[in-house]
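# Structure for the following, please:
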Amino acid sequence: MPQHLFFLLLILLSSYFFFFSPQVNSDAEVGDIKKARLLLRSVTTTNPKHGPGWIAAARVEEFAGKIVAARAVMKQGCETCPESEDVWLEVRGRI
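Prediction:
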């Protein structure tokens, strides 16, 4: 996937999960969350130094109501990308 499409996808996923309610209501939403988790797991595995991937993965967990999982993802993101200002600001803003 070209890098500019990858970034666009991350921005769209982050925006989607940021603006909508953190309550999962339907089977379709559960399926969407599973797909997003799979995609973002791939993102963080193939490019672990990319901070926005960790942020998006944590937001998916937050959207799903899995706050402990979201914190664990952000912790891993901070450990993997210690120089990423975006990751640290995201953690700071969520505390």
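# For the lengthiest helix in the chain, the averaged confidence score.
Criterion DSSP state H: the longest helix present in the chain is helix 27-46. Taken as a whole, helix 27-46 carries a mean pLDDT of 89.
# tell me which helix or strand of this protein sits lowest on mean pLDDT?
Every helix and strand of the chain was ranked by mean pLDDT, DSSP states H and E. The lowest is helix 3-19, at a mean of 58.
# Do I have it right that residue 69 meets residue 61?
Yes - if you go by C-beta atoms under 8 Å, residue 69 and residue 61 touch, sitting 4.2 Å apart. To be clear about C-beta, it is placed using only N, CA and C from the backbone, and glycine gets the same treatment.
# Which of the two has more residues huddled nearby?
residue 61 (22 against 16; other C-beta atoms under 10 Å).
# Quick one: residues contacting that one.
Residue 61 sits next to 37, 67, 69-70, 73 when contact means C-beta atoms under 8 Å, 6 or more residues apart in numbering.
# Which pLDDT value goes with residue 88?
At residue 88, the model reports a pLDDT of 92.
# do the same with residue 60
For residue 60, pLDDT reads 93.
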